[in-house]
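Chemist: Okay, predicted coordinates and the sequence, questions at the end:
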Amino acid sequence: MSSLDWIVKMDRFNNYLQKTCLVAGFLCLVLSCENRADYSEINVVDPIGQLESTYLKDLDACLAIIEQMKGEEDLDTLQTFYHQARAKFKEMEPVLSFHDINNYASLNAPNILKVEEEDQTDIKIREAKSFQSLEEEIYADQPDLERIHSAAEFIASRLELIKITTDLSHYKPYHILWLVRKQLVRTATTGVTGFDSPVLENSLEDAVLAFAKAEYYLFLYEDKFQHPALKDSWRRAFTAAVNDLKSTDFDSFDRYEFIQQHIDPMLAIWNETAADWEIQFPLELAMSNEATHLFGKESLSPDYFADHQVGQLKKEQVNLGRMLFNDTSLSADGSMSCASCHVADLAFSDGKKTPKGLDRNSPGLTYAAYQRGFFYDKRSGSLEGQIISVIENEKEFHSDLRQFVGSIANEQKYVQAFANSYKSKIDERSVRRAIADYVRSLTDWDSRFDLSIRGEIDDLTQAEINGFNLFMGKAKCATCHFAPVFNGTVPPDYLDTEIEHLGVPEKADWENAIIDSDPGRYTVFKTSSRKHFFKTPSIRNIALTAPYMHNGVYQTLEEVVKFYNLGGGYGIGITDQEFQTLPPDPLDLTEKEQSDLISFMKSLTDARYNSHTSINPKAL
């Protein structure tokens with residue numbers, strides 16, 4: 001053997017040893033994080049300094065592993081590195097996702113194109129380079145090393161940026177409580193669904209790591225507790241939740257029980273802690289500071305989703321909005337009101353494939369308040385903006401708000417109603433707000449599912465509970481329809497409502513189908529990679545809103561579930577659409593599982609509609 005060969009061989013051996021030691025070292029670190037006893041008696045003089053130091057150590061550890069991936073070509077080694085880097089990323093998650101929302105979203109982004117459309121002159125299109133894209137590429141049938149290295153390079157540079165810009169010195173105890181609660185909600189709504197572990201379905205293990213670190217951060221403030229029993233409640237709650245997460249595999253995990261028996265009780269303890277620490281919150285985030293349930297009417301703040309202060313809606317305001325909603329003088333010829341296409345008894349849909357003269361199905365309006373975009377193509381950013389668009393649309397009201405305001409300005413019932421409800425005269429702004437507030441009021445949160453998971457009744461069948469667990473797990477429904485609203489607005493920050501390209505066909509064909517001609521979001525900015533993208537609606541009250549999809553192509557929930565079970569557009573032969581967002585593989589749900597899914601969805605019908613669930617929309 002030549003001297004050169006010997007040097008090369010030794011270099012390779014040393015490199016191997018370094019990688020092996022690094023992996024082993026990080027494995028020990030990861031395993032040690034599950035030793036929660038180390039976190040339960042923490043008492044530090046400088047909790048914020050300790051928090052920042054711990055967070056940056058996790059970041060450094062994650063960065064060191066990612067750096068090793070940038071030039072690695074051995075697939076087994078890449079997979080090992082990925083597991084360890086992701087584990088450290090999940091330990092970073094409670095702080096990173098709270099402190100730096102945008103960078104967290106970038107590093108945790110789905111493996112699809114990121115398109116940002118501010119206006120016609122400012123459209124940004126980026127390929128995802130994230131932990132999700134790494135996971136899908138590393139575990140692909142034919143991994144692309146160039147793409148893997150490029151993603152690793154991006155992640156490393158982003159971690160470096162986060163490292164040098166991190167400053168948590170301004171944090172107060174209320175920040176820590178928000179941080180902990182956000183992790184609880186994220187785990188329950190996206191964490192256990194496989195949302196960010198699309199291939200490995202490593203969600204339960206991820207949650208164990210994130211919960212351990214959230215508990216650690218909470219107990220940095222052990223001295224804030226005035227009642228020792230409250231500390232014990234937290235320790236028992238974290239222990240029970242983690243044990244549940246460790247008890248089974250992804251498909252078998254009981255998410256219904258996890259939320260009911262662990263997340264909701266922890267939210268209640270969180271509220272007790274806020275009182276015990278005598279916290280004065282400066283504002284509310286998406287979740288109300290008094291929320292004690294994930295599925296509760298008071299859990300999400302309407303103000304967070306509106307562009308103005310909504311507050312607690314009064315009965316007089318709701319009644320006024322209802323009057324306007326049903327007033328046909330909104331339209332130019334006096335023949336149409338909002339209720340013409342949004343029938344109250346059908347959860348404010350209309351039971352038709354598409355309304356006369358229009359190209360898209362009328363969506364239900366219940367729970368529409370919790371969105372960041374309106375219409376199927378998200379062309380409007382607020383409920384008030386949506387109302388203006390409908391009134392001015394020549395295919396709908398073909399009118400203008402000034403005309404309507406003029407027509408009702410002297411009607412005593414309206415003059416008095418506006419004065420009583422809003423202390424306001426009748427003008428365009430007050431009319432918009434009144435109608436929008438009525439739509440905001442359509443959030444009852446009293447379906448059999450809501451009441452049952454909150455423990456107020458015990459009325460769900462095993463099939464319905466199984467259906468929820470499938471929805472949140474194996475069937476992957478909740479990776480697009482996020483709990484608790486079950487629409488496309490992504491928790492726990494609720495800053496974006498997603499749009500998807502499902503491959504919806506023009507007809508209900510199950511083989512050799514043809515994509516529906518409606519270009520969807522493309523019509524707004526003409527971005528080619530957004531052709532056939534549509535907003536993800538809520539499935540609450542879905543039993544009443546047939547037919548389904550933006551074009552009303554499916555008449556029954558059975559057809560909808562079949563479409564998804566086959567693999568969406570790919571599964572029915574639509575293979576010429578490269579930007580489809582559904583995985584092409586079938587879900588392989590059994591007939592019983594499909595039936596259970598439908599049973600769960602029907603349990604989301606609000607109490608006001610319980611006597612209407614047998615209505616056949618096509619008969620209207």
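Modeler: In hand now; what should we look at?

Chemist: What separation do you get for the nearest residue to A434 once chain neighbours are set aside and E396?
Modeler: On the basis of C-beta to C-beta, 6 or more residues apart in numbering, the spatially nearest residue to A434 that is not a chain neighbour turns out to be G321, at 4.7 Å. (Glycine included, C-beta is placed from N, CA and C.) Distance, G321 to E396, by C-beta to C-beta, to the nearest Å: 18 Å.

Chemist: how about the helices in the stretch 1-150 of the chain?
Modeler: 3-33, 47-69, 75-99, 101-107, 131-138, 145-165 (DSSP state H, counting those that start in this stretch).

Chemist: next SSE after the last one?
Modeler: It refers to helix 145-165. Beyond helix 145-165 in the direction of the C-terminus, DSSP states H and E gives the next helix or strand as helix 173-189.

Chemist: For my notes, confirm G552 occurs in a helix.
Modeler: No. With DSSP: H, G, I helix; E, B strand; the rest coil as the criterion, G552 is located in coil rather than a helix.

Chemist: tell me the contacts of S528?
Modeler: Y522 (C-beta atoms under 8 Å, 6 or more residues apart in numbering).

Chemist: Apply 10 Å and report the result again.
Modeler: Taking C-beta atoms under 10 Å, 6 or more residues apart in numbering, we find S528 in contact with 125, 519, 522, 579.

Chemist: before we move on, what about E411?
Modeler: With contacts defined as C-beta under 10 Å, 6+ apart, E411 is in contact with 327, 329, 417, 426.

Chemist: number of nearby residues for the closest residue in space to the first one that isn't next to it in sequence?
Modeler: This points to D327. Computed as C-beta to C-beta, 6+ apart, the closest residue to D327 that is not its neighbour in sequence is S337, at 5.6 Å. For S337, the count of nearby residues is 17 (other C-beta atoms under 10 Å).

Chemist: same check, this time on the one 3 residues further on
Modeler: When neighbours are counted by other C-beta under 10 Å, S340 registers 18.

Chemist: now do L283
Modeler: 9.

Chemist: do you know how far A436 is from D377?
Modeler: With the distance defined as C-beta to C-beta, A436 ends up 19 Å from D377.

Chemist: nope, E127 is what I was after
Modeler: Note on E127: its distance to D377, by C-beta to C-beta, is 23 Å.

Chemist: out of the two, which sits in the busier spot?
Modeler: Between E127 and D377, counted using other C-beta under 10 Å, D377 has the larger neighbour count: 22 against 15.

Chemist: quick one: buried residues of stretch 456-471?
Modeler: 460, 463-471 (16 or more other C-beta atoms under 10 Å).

Chemist: L365: which of those residues is nearest?
Modeler: Nearest to L365, judged by C-beta to C-beta, of these is F471 at 22.2 Å.

Chemist: Let me know the pLDDT of that closest one.
Modeler: In the prediction, the pLDDT value recorded for F471 is 98.

Chemist: contacting residues around it?
Modeler: Applying C-beta under 10 Å, 6+ apart, one finds that F471 lies in contact with 193, 255-256, 477-478, 481, 483, 486, 539, 596-597, 600-601, 604.

Chemist: one step back: could you tell me which of the contacts of S528 belong to strands?
Modeler: Those of those mapping onto strands are I125, per DSSP state E.

Chemist: Return the members of the contacts of S528 classed as buried.
Modeler: If we count by 16+ other C-beta under 10 Å, the contacts of S528 have these buried: 519, 522, 579.

Chemist: which one among those gets closest to L63?
Modeler: Minimum distance to L63 across the buried ones among the contacts of S528 is 31.9 Å, recorded for F579 (C-beta to C-beta).

Chemist: R372 reaches G381, doesn't it?
Modeler: Yes. Taking contact to mean C-beta atoms under 10 Å, the distance of 7.4 Å between R372 and G381 places them in contact.

Chemist: Of those two, which one has the most company?
Modeler: Comparing R372 with G381 by other C-beta under 10 Å, the one with more neighbours is R372, at 17 against 13.

Chemist: can you tell me which residues contact the more buried one?
Modeler: Shown here is R372, whose contacts under the criterion C-beta under 10 Å, 6+ apart are 305, 378, 381-382, 488-490, 494-498, 535.

Chemist: neighbour-wise, which of G321 and E396 wins?
Modeler: Neighbours around G321 and E396, counted as other C-beta under 10 Å, are more numerous at G321. The numbers are 25 against 20.

Chemist: how much space between that one and R433?
Modeler: Separation of G321 from R433 (C-beta to C-beta) stands at 9 Å.

Chemist: try Y304
Modeler: Using C-beta to C-beta, which is the criterion applied here, Y304 is 17 Å from R433.

Chemist: more neighbours, these two?
Modeler: Counting neighbours by other C-beta under 10 Å for Y304 and for R433 shows that R433 has the greater number, 24 against 18.

Chemist: Not counting its neighbours along the chain, what's nearest the more buried one?
Modeler: Of all residues apart from its sequence neighbours, E384 sits closest to R433 (C-beta to C-beta, 6+ apart), at 6.5 Å.

Chemist: helices or strands up against the host helix or strand of that neighbour?
Modeler: When secondary structure is defined using DSSP H and E, the element that contains E384 is helix 383-392. Under the contact definition 3 or more C-beta pairs under 10 Å, 6 or more residues apart in numbering; DSSP states H and E, helix 383-392 sits against helix 401-408, helix 428-440.

Chemist: Now the longest one: average pLDDT?
Modeler: The average pLDDT within helix 428-440 is 95.

Chemist: Pull out the buried positions in that helix.
Modeler: In helix 428-440, counting by 16+ other C-beta under 10 Å, buried: 430-440.

Chemist: Closest to S157 out of the buried residues of stretch 456-471?
Modeler: Distance from S157 was checked for each of those by C-beta to C-beta. The minimum falls on F471, at 37.3 Å.

Chemist: Now do the helix or strand where the closest one lies against helix 173-189: the angle between them, please.
Modeler: F471 belongs to helix 462-472 when assigned by DSSP H and E. Compare the direction of helix 462-472 with that of helix 173-189 by axes from the mean of the first three to the mean of the last three C-alpha atoms, to 10 degrees and you get 110 degrees.

Chemist: Heading C-terminal from helix 462-472, find the next helix or strand.
Modeler: Sequence-wise, the next helix or strand beyond helix 462-472 is strand 499-500, with elements assigned using DSSP H and E.

Chemist: on contacts alone, who are the packing partners of that next one?
Modeler: Secondary elements touching strand 499-500 (3+ C-beta pairs under 10 Å, 6+ apart): strand 534-535.

Chemist: quick one: strands adjacent to the strand it packs on?
Modeler: The sheet places strand 534-535 alongside strand 499-500 (antiparallel), with pairing taken from DSSP bridges.
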